[in-house]
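Undergrad: here is my input; please provide its structure:
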Amino acid sequence: MSYKYFKLLFVCLLVLLNSACSRFTAYESGQSRNSYSKSKVVTHHRVKAGETLYSIAFEYGRDHRDVARWNRISRPYTIYPKQKLRIVPISSDGKTTKQLTKDKYRRSTSRKSLPSDNKNRYVTNSKLKWRWPTQGKVISTFSIRDPGRRGIDIVGRKGQPVKAAAAGRVVYRGNGLRGYGNLIIVKHNETYFSAYAHTENVVIKENEKVKLGQKLADMGNTNSERTKLHFEIRRNGKPVNPLKYLPKRR
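TA: Residues are numbered from 1 along each chain as shown. As a prediction, this is how the structure comes out:
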């Protein structure tokens, strides 16, 4: 074989190795789950129709209270399409403060708000009870280093019921987060949230209170190659290992 052939083969191997390494790029705060670029950290998010402050905080791995504070948004966390939200800590830049103040008093007929949390009673962390959201084998476990494994994947059959892993309130229902398909986010208290991805036939509404074990939807394959439930638990906005919270299976 010629020297040119070996040279071409060596270049191809380098490309393959580089692409494989890029799959495991560390997830950084300020980057969405689907952003793998370490050179450019996102600092702002432009609100799209259907999004809530909770879903935006979820997408960037932030605590919803921080996002609200950085943008001077008080409860019930009213946001509106095309609003520019800061999703990283505020610097001492006077221009930034001026822009945030301007956004605070902006008015829109298309605003999307959630009921005040002062009207909702949440259980404390010590009293929060968890249960498995569905039956099935865990085919993918949690990894803090892999952006695609911020929770666990449970395989099952299409139409299998997906239930609330703990009591709380639905703060997002939609398909606006890439890679999650039809996504449901439930707020359990100020600390913990849970997320249910790739669902179909959703039977609950946004802002609805749900009980432990209440049906939320059916297992599906929206934005997924196979029928499964991708389940996450977030603590103060950060992904945590669900297996450390769910009861052990016998």
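
Undergrad: how many residues are close by residue 247?
TA: Neighbours of residue 247 under the rule other Cβ atoms under 10 Å: 9. Every C-beta, even on glycine, is put in place using the N, C-alpha and C of the backbone.

Undergrad: which residues does it contact?
TA: Under the criterion of Cβ atoms under 8 Å, 6 or more residues apart in numbering, the contact list for residue 247 reads 130-132.

Undergrad: for those, give me JSON lines that also has secondary structure.
TA: JSON lines is the format used below for these (DSSP: H, G, I helix; E, B strand; the rest coil):
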{"residue": "130", "secondary structure": "coil"}
{"residue": "131", "secondary structure": "coil"}
{"residue": "132", "secondary structure": "coil"}
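
Undergrad: let's have those in JSON lines, adding pLDDT.
TA: Output for these, formatted as JSON lines (pLDDT from 0 to 100):
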{"residue": "130", "pLDDT": "97"}
{"residue": "131", "pLDDT": "97"}
{"residue": "132", "pLDDT": "98"}
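
Undergrad: ok, of the residues you listed, which come out buried?
TA: Neighbour-count burial (16 or more other Cβ atoms under 10 Å) applied to those gives 130, 132.

Undergrad: next, format the contacts of residue 247 as a markdown table and append distance to residue 174.
TA: Formatted as a markdown table, the contacts of residue 247 follow (distance: Cβ to Cβ, whole Å):
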| residue | distance to residue 174 |
| --- | --- |
| 130 | 24 |
| 131 | 24 |
| 132 | 24 |
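
Undergrad: for this protein, give me the ranges with low pLDDT.
TA: Applying pLDDT under 70 to the chain flags the ranges 1-40, 92-124.

Undergrad: so how far is residue 219 from residue 226?
TA: 11 Å (Cβ to Cβ, to the nearest Å).

Undergrad: report the central residue of this protein.
TA: Geometric centre of the chain, nearest residue: residue 58, 3.7 Å, by Cα atoms, centre = their mean.

Undergrad: coming back round to it: residue 226 and residue 219: who's more crowded?
TA: Between residue 226 and residue 219, counted using other Cβ under 10 Å, the more crowded position is residue 219 (25 against 11).

Undergrad: who does the more buried one bridge with?
TA: As for beta bridges, residue 219 partners with residue 199 under DSSP bridges.

Undergrad: ok, now the one 10 residues further on?
TA: With DSSP bridges applied, the residues forming beta bridges to residue 229 are residue 154.

Undergrad: summarise which helices and strands the helix or strand where the residue nearest to the centre of the chain lies is packed against.
TA: Secondary-structure assignment from DSSP states H and E places residue 58 in helix 53-59. Applying 3 or more Cβ pairs under 8 Å, 6 or more residues apart in numbering; DSSP states H and E, one finds that helix 53-59 contacts helix 64-70, strand 168-174, strand 183-187, strand 192-197.

Undergrad: could the ones you listed go into JSON lines alongside mean neighbour count?
TA: Converted to JSON lines, those look like this (neighbours: other Cβ atoms under 10 Å):
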{"stretch": "helix 64-70", "mean neighbour count": "18"}
{"stretch": "strand 168-174", "mean neighbour count": "22"}
{"stretch": "strand 183-187", "mean neighbour count": "25"}
{"stretch": "strand 192-197", "mean neighbour count": "24"}
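
Undergrad: tell me which of these approaches residue 86 most closely.
TA: helix 64-70 (4.7 Å; Cβ to Cβ).

Undergrad: and the closest one, how far out from the chain's middle?
TA: Per Cα atoms, centre = their mean, to the nearest Å, the displacement of helix 64-70 from the mean C-alpha position of its chain is 16 Å.
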